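**Q** Pasting the sequence and the predicted coordinates here, then a few questions.
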Amino acid sequence: MAKRCDKRRRAVLVPAALAALLAAPSARAEWRFTPTVDLRETYTDNVALSRAEDAKSRFVTELTPGFTLLNRGPRLKASANYQLHYYAFDDDGVEGVRHAQSQLRTDVRATVIDDLLFLDADGAIGQQPVSAFGPQVNGNGYASANRANVKTWRVSPYLLHRFGNSATAAVRYTHDAVDAGRTGFGDSTGDVLTMNLNSGRAFRRLGWGLQYSLQRVDDSIAPESSVKMVSANTRYRLGEDLNLTASAGYDEYDYQSDGEPTKGRFWQGGVEWTPGPRTSLVAGAGKRYYGNTYNLQALHRSRRSVWSINYSDSVTTTRSQLLLPATIDTATMLDRLFIAQIPDAAARAQAVDAYIRATGLPAALADSINYFSNRFILQKQLQASVAFNTARTTLILSAFDSRREGLSLIQTDSLLTGPASARLNDDTTQRGGSAMWNMRLTSRSAINASWISSRQESNGTGIASKNSALRLAVTRQFSPKVRGAFEARRVSGTTADQAASYRENALTASLSLQF
């Protein structure tokens, strides 16, 4: 009862605090509200993404009212994008479909007290795959197979203080929640306290930092867990473009395991190299309680291309990745690609947003599937991407290789996977890639082509599945606020039961209006 009352109190206090902040005079001046309506008519030969022998063709009418809300004031930067999808079918008797679903993405960054108190907040509603071994979300939002509507939100006030040129201190508190509405995957709330003390500009040759964090998660299915970390780091400047880095500390994860360590000391050494404004390299290696650890971030940008490669290994959870998705962001790639033509950051952000809306590019490139699990996971992931831009074409290629190994007890997933499939998510490998190509035919029309493919394998059971989606679209900007498109799509794949394959061919005509 006490926990329920506490959750209700937070549910009231958090929106009230945000409302009071947004009502401040300095926060009201820059708001821009843009309502939108999309209308789509789709013919699909497999509306529910069923097995080939059970496939049913349908006409699907989709009406999507929505809005975008933006504020770029000096004290408040906020954005919200909401869409409500309604689906109507020419035969309502079909199973395995949904008639409505919502999508929301919000982000708030506010200065409450100058140079002292700040507030970050965000929230999201969207479809997420339940399993890596099933049909994936590939533009067929009307199908209900292997997906759930996930709601997340996070509020994070923090204090920041500068001790002249000597040091900067920060204390941050974060409260967040995840609600998947799915049997077997626990709804949860979390509280995180982080404290940092870092050297200032006075330490030009030798920089230093101290960090502490404590996270507690209350889950409706898995046992309550906590994560504690304390560390120190140094950075030694060898030259104008080269730094040596080192860090050491102690991790303590409070989860139940099969006798494997859940805590211990760690250390890491590395290098930071920035030979010019267009090239950077960060690399490191060390050891943590689970074994060797490595990280890599390499970026190179030329006038017409952007190259990026990243590797990381970390202890994480499905919950953490739902709160802070770690995808290769399309907008980030385009921002780097357009920086030579549009040096101003604000103008470039508007140009990137307009370009994505006009071309219909997805928000993220190929990435590993964040399937549902209640366990702590060791994730090792390599991602690479490259983008090319010419006067009339844009090409973006990406690839990933990811491995997830369960660390906490397998029993916490028994309700989610079922006892017979308990080892399905115990040790998985995912590999995949994508290619997206856009060609501007005129100032108002374009052709888009995209291909996404991935393969998932359960190393403990030998079960594997694959998914692919091929799309070709023609878009036309009829006026500054009216856009039309015609798309052909082919989606195919196999599920955990490799004898069960699915395939969808679809044609879609759409009209999008901004008011």
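**A** Yep, that arrived. Numbering: from 1, shown residues only.
**Q** Show me the strands in the stretch 101-250 of the chain, by range?
**A** 117-129, 147-163, 167-179, 188-199, 206-219, 225-237, 242-254 (DSSP state E, counting those that start in this stretch).
**Q** Show me where the stretch 1-150 of the chain dips below the pLDDT cut-off.
**A** 1-29 (pLDDT under 70).
**Q** Next: the chain.
**A** Across the chain (using pLDDT under 70), the flagged ranges come out as 1-29, 325-330, 340-341, 346, 350, 354-367, 420, 497-499.
**Q** who's the spatially closest residue to residue 249 that is not a sequence neighbour bridged to?
**A** Spatial nearest neighbour of residue 249, chain neighbours left out: residue 231 (2.8 Å); criterion: CB to CB, 6 or more residues apart in numbering. (Glycine included, C-beta is placed from N, CA and C.) Beta bridges link residue 231 to residue 211, residue 249, judged by DSSP bridges.
**Q** if I pick residue 231, what's in contact with it?
**A** 210-212, 247-250, 266 (CB atoms under 8 Å, 6 or more residues apart in numbering).
**Q** For residue 353, the count of nearby residues, please.
**A** 16 (other CB atoms under 10 Å).
**Q** got it, and residue 258?
**A** So residue 258, with other CB under 10 Å, has 9 neighbours.
**Q** what's around the residue nearest to it when sequence neighbours are not counted, how many residues?
**A** Using CB to CB, 6+ apart and skipping the chain neighbours, the partner closest in space to residue 258 is residue 409 (6.7 Å). Neighbourhood size, residue 409 [other CB under 10 Å]: 17.
**Q** Am I right that residue 409 is in contact with residue 256?
**A** Yes: in this structure, residue 409 is within contact of residue 256 by CB atoms under 8 Å, at 4.8 Å.
**Q** So what's the residue count around residue 176?
**A** Residue 176 has 24 nearby residues by other CB under 10 Å.
**Q** Among the strands of the stretch 101-250 of the chain, which comes closest to residue 501?
**A** strand 117-129 (17.2 Å; CB to CB).
**Q** Now tell me what touches the closest one from outside.
**A** 18, 21, 101-112, 136-137, 141, 146-160, 180, 322, 369-372.
**Q** Just the buried subset of those residues, please.
**A** Burial by neighbour count, 16 or more other CB atoms under 10 Å: within the contacts of strand 117-129 this picks out 18, 21, 101, 103-106, 108, 110-112, 136-137, 141, 146-158, 160, 180, 322, 369-372.
**Q** Now do the same contact list for residue 302.
**A** Here residue 302 is in contact with residue 278 (CB under 8 Å, 6+ apart).
**Q** can you check residue 445 too?
**A** 474-477.
**Q** how about the residues you listed in TSV, adding neighbour count, secondary structure and distance to residue 33?
**A** Formatted as TSV, the contacts of residue 445 follow (neighbours: other CB atoms under 10 Å; DSSP: H, G, I helix; E, B strand; the rest coil; distance: CB to CB, whole Å):
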residue	neighbour count	secondary structure	distance to residue 33
474	15	strand	30
475	23	strand	25
476	16	strand	26
477	17	strand	22
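**Q** any idea which of those is the one closest to residue 376?
**A** Once CB to CB is applied, the member of these that ends up nearest residue 376 is residue 475, at 43.4 Å.
**Q** nearest spatial neighbour of the closest one, skipping sequence neighbours?
**A** According to CB to CB, 6+ apart, the nearest residue to residue 475 is residue 485 (4.5 Å).
**Q** Check residue 370 too.
**A** residue 321 (4.7 Å).
**Q** ok, how many other residues are close to the one you found?
**A** Residue 321, neighbours per other CB under 10 Å, totals 17.
**Q** Please apply the same query to residue 436.
**A** What residue 436 shows, counting by other CB under 10 Å, is a neighbour count of 23.
**Q** Wait, it touches residue 393, no?
**A** No: counting by CB under 8 Å, residue 436 does not reach residue 393; the two are 11.1 Å apart.
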